[in-house]
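K.L.:
Provided below for reference: sequence and predicted model.
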Amino acid sequence: MGNKDWNIITLIRAPSESSTNNPGVTVTSAAGEPELATDQDVTPVFVYVLAFFSALGGFLFGYDTGVVSGAMLLLKKEMHLTALWQELLVSSTVGAAALSALAGGTLNGLFGRRICILIASFIFTAGGVVLGAAPNKEVLLVGRITVGLGIGIASMTVPVYLAEVSPPHLRGQLVTIYTLFITAGQFIASVVDGAFTYLHHNGWRYMLGLSIVPAVLQFFGFLFLPESPRWLLQKGLTQQARQVLSRIRGGQNIEKEYDRMRTNIEDEEKDAGGGLVLWRMLTRPPTRRALTIGCGLQMFQQLSGINTVMYYSATILQMAGVRDDKQAIWLASATAATNFLFTLVGVWLVERVGRRKLTLGSLIGTALSLTVLAIGFLLSAQHSPAVTLHPTDTSLNSTSCTLYGSCEPCMLDPDCGFCYRENSSTVYDSSCIPAKQTSPDEAAWGRCSNLSQVSDGSLWAYNYCPTSYSWIVLLGLILYLAFFAPGMGPMPWTVNSEIYPLWARSTGNACSAGVNWICNVLVSLTFLHVAEYLTYYGAFFLYSGLTVLGLLFVLGCLPETQGRRLEEMEALFSGNLCSCSASDWDGDGSRNILYNRVKGSDVLSDNDASDME
Ligand SMILES: O[C@H]1[C@H](O)[C@@H](O)[C@H](O)[C@@H](O)[C@H]1O
């Protein structure tokens, strides 16, 4: 489309509809005939192929972090794992992911995105083989650390790759698909867990080993897929960059896009100077701001307690009356499915409402639903059933469990559980007894120690108390997922993939992904202690308060990045941190480079129009 055509072109959109959500954008010429806004609004299928194969990295991230809870139920019985070993096998993966995400920045800069994705899928495959064949717990630990190394590299590389190959109007959506794949991985892991719990011998080998399938698929897929054109340009491989861009854009005319990309990268390189990238990022205000925002978003994502809520969902469901272990496992899949489905809503919304509004709305809803969860736990604690039976054998009173007067302090003590009988939701014959050390699903002694053989209707509650307020907790859980998943789940990854200039992109994403994993470990490791000191409702009020802090942070600091070219981002962050001009905040203002608003429709000015071509 020639420049002259743009002079009189008006870009009309309904006020609620995003112009950048092409191809839905209608552009009319003076003659009133619809045209496409830019060549790139025609999305070549190849971009979706790239998105699918790279997002498999997200699937593996979700699968490997999610599958372990079900595998652990079988492993601890088969390998007689102590609590310490269970903790090690879960946390080692997340810890290794934190380290390799940080190291991934250097690897990305040196070898490129494609090689890093190949390395990650190779590591995932090797880890899957080690886990599936592990003869003992030590080898299992090696396997878990190995997959953690893969997760870290994938988690920082895939969003960057996706952002760099996507056309601007689809970037948000394609990077959000990466988070969709994370939640899909978590969901499939929970289904696999459910299916293989029926296989008492070696079921865990299938659970852990099955991750080899998507890993191998990604590895072979990426042998045939191209490097990011932006990375190639940065390395001076101009011919290759041009060829790749043309291939990704389905043979459309890429000259303008290519020239602009090259000029910007050259300018950035001149501007960026030499020395350690992290140091340069910290000493330059725009990149320092971007880094603060990127790391802050990842930190608040984890501090809002997503992984605790997901992990704790099985217990929440038990509180709500699901007493059977197997049923609880299947219902935990329903939680993972809800997380997945609402992330899908995020994919749909991101290019319609923009990153900032989506994140803000999500944070408000998340904070409120955490409050609902906390109130549910508070009411349950206040109406906690009393302990009515105390052992007559005084030698058994040496344990602290038998001294508690009600269920609440009993269940907060990780060594104890609540044994009771129930009659139309009235609790009677209740006692607080030590839990079995190897498997706390039964009491160490007494009528709840051998539940399958006891038929007096005794029930054993470990980690929760029977309550008639469980519906509030359940409501809180559903609301939490509905609000968190479309916004705070994906947006930290999406925003981080686009806010850094090319020279700082690998390092910026490595740091922010590292912050995500470090906060993930911190929140999971401290949850039980926090619950012990603050009780469950205290813990959820705390997460709610932290989410409100996150809301203030986003309100003050996150500009809208929707519709911006990656090369424009540095300018967006050149104001003071948390004091950019009002027009930067909302989605429409953010596109004021592209559009000037006239009476409800957006008019593309001459200069801007030629810039868009
Ligand atoms: O964005 C993802 C997603 O929300 C997952 O469900 C969660 O487990 C991860 O920690 C998070 O980074």
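P.N.:
Happy to help now that I have it.

K.L.:
tell me the SS of the residue of the stretch 401-550 of the chain found nearest the ligand?
P.N.:
Closest residue of the stretch 401-550 of the chain to the ligand, Cβ to the nearest ligand atom: Gly489 (3.3 Å). Where C-beta positions appear, they are placed from N, C-alpha and C, glycine not excepted. Under DSSP: H, G, I helix; E, B strand; the rest coil, the three-state class of Gly489 is coil.

K.L.:
Could I get the contacting residues of it?
P.N.:
By Cβ atoms under 8 Å, 6 or more residues apart in numbering, the contact set of Gly489 is Thr179, Thr183, Gln301, Ile306, Asn339, Phe342, Thr343, Gly346, Ser362.

K.L.:
okay, these in a markdown table with secondary structure and distance to Ile472 next?
P.N.:
Listed next are the contacts of Gly489 as a markdown table, based on DSSP: H, G, I helix; E, B strand; the rest coil; distance: Cβ to Cβ, whole Å:
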| residue | secondary structure | distance to Ile472 |
| --- | --- | --- |
| Thr179 | helix | 28 |
| Thr183 | helix | 25 |
| Gln301 | helix | 25 |
| Ile306 | helix | 20 |
| Asn339 | helix | 20 |
| Phe342 | helix | 20 |
| Thr343 | helix | 25 |
| Gly346 | helix | 26 |
| Ser362 | helix | 21 |
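
K.L.:
near the ligand too, which of these?
P.N.:
Contacts with the ligand within the contacts of Gly489, as defined by Cβ under 6 Å from any ligand atom: Thr179, Thr183, Gln301, Ile306, Asn339.

K.L.:
Serialize those residues to TSV and add fields for neighbour count and pLDDT.
P.N.:
Formatted as TSV, the ones next to the ligand among the contacts of Gly489 follow (neighbours: other Cβ atoms under 10 Å; pLDDT from 0 to 100):
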residue	neighbour count	pLDDT
Thr179	26	95
Thr183	28	97
Gln301	29	97
Ile306	21	94
Asn339	27	95
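
K.L.:
all helices in the stretch 101-250 of the chain, in order from the N-terminus.
P.N.:
113-133, 137-165, 171-196, 203-209, 212-223, 229-234, 238-248 (DSSP state H, counting those that start in this stretch).

K.L.:
Of the ones you listed, which is nearest Cys557?
P.N.:
Closest to Cys557 of the helices of the stretch 101-250 of the chain, according to Cβ to Cβ: helix 171-196, at 18.6 Å.

K.L.:
Can you point out the buried residues in that closest one?
P.N.:
Neighbour-count burial for helix 171-196, counted by 16 or more other Cβ atoms under 10 Å, picks out 171-190, 192-196.

K.L.:
ok, and what's touching stretch 531-538?
P.N.:
So stretch 531-538 is contacted by 374-378, 381, 408, 412-414, 530, 539, 541-542 (Cβ under 8 Å, 6+ apart).

K.L.:
that older thread, of the contacts of Gly489, just say which sits nearest to Glu87.
P.N.:
Distances from Glu87 to the contacts of Gly489, taken by Cβ to Cβ, are shortest for Ile306, at 19.5 Å.

K.L.:
nearest residue to the closest one other than its sequence neighbours?
P.N.:
Phe484 (5.9 Å; Cβ to Cβ, 6 or more residues apart in numbering).

K.L.:
which residues sit in contact with that neighbour?
P.N.:
Per Cβ under 8 Å, 6+ apart, neighbours of Phe484: Ser304, Ile306, Val309, Asn339, Phe342, Ser362, Gly365, Thr366, Ser369.

K.L.:
swap in Val175?
P.N.:
Pro159, Leu162, Ala163, Ser166, Pro490, Trp493, Thr494, Ser497, Glu498.

K.L.:
for Leu282, same thing?
P.N.:
Arg288, Leu291.

K.L.:
Tell me, how many residues neighbour Glu268?
P.N.:
Close neighbours of Glu268, defined as other Cβ atoms under 10 Å, add up to 16.
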